[in-house]
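Enquirer: below are the sequence and a predicted model; questions follow.
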Amino acid sequence: MTDCIFCDILNGAASASMIYRDEIVTAFMDIQPINLGHVLVIPNIHAAYLSELNEKVGAHLFKVAMRIAAAIRQSSVKCEGVNIFLADGEAASQDIFHVHLHVIPRFTGDGFRLKFGPNYGFRPGRDELNEIAEKIRENIDARDTNRIGQVSLLQAIFTHIVKPI
Ligand SMILES: [Zn+2]
């Protein structure tokens, strides 16, 4: 056992109802679903936050989530729409600190919704929007993700022992 429940699922120490597994990501049923059919997709290597996650692994996480969303829609699981959701950080309601992407089947009247806070509804002026945009824009290329990415992706592929599901 580790101190991470998702790593325990990956190494077989904890049980899960598996959906999908490849060299990079694993998907299984959420044990406390928002709606039946709620799936989690996680990287096979522990990363607590998005900032620790290789971009190529993140892209693959989303690709597999798209396939699972399509599979849920085609299945007999009640599903009229899908939410794909990721909580990064405690303030964003992250509960388990191993990156996970939620794939949540939705249907009319299921009662699930995002509750907006008191800041919602305020419309900042164009000058303020431009100012905020610049603050973000000037940080986009701050990290050499490509170099980090290639090393980490190779690690992901060659150091992880894949178990069949
Ligand atoms: Zn973990």
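Expert: Looks like it came in fine.
Enquirer: let me know the pLDDT of the residue nearest the centre of the chain.
Expert: Note on the chain: the residue nearest the mean C-alpha position is residue 101, at 2.0 Å, using CA atoms, centre = their mean. Note on residue 101: pLDDT of 98.
Enquirer: pretty sure it sits against residue 83.
Expert: No: proximity of residue 101 to residue 83 does not meet the contact threshold set by CB atoms under 8 Å, at 10.8 Å. For glycine as for every other residue, the C-beta is placed from the backbone atoms N, C-alpha and C.
Enquirer: one step back: need the three-state assignment for the nearest residue to the residue nearest to the centre of the chain once chain neighbours are set aside.
Expert: Spatial nearest neighbour of residue 101, excluding adjacent residues (CB to CB, 6 or more residues apart in numbering): residue 41 at 4.5 Å. Recorded secondary structure, residue 41: strand (DSSP: H, G, I helix; E, B strand; the rest coil).
Enquirer: flag every residue of this protein that's near the ion.
Expert: Residues of the chain lying close to the ion by CB under 5 Å from the ion are 4, 6-7, 46, 98.
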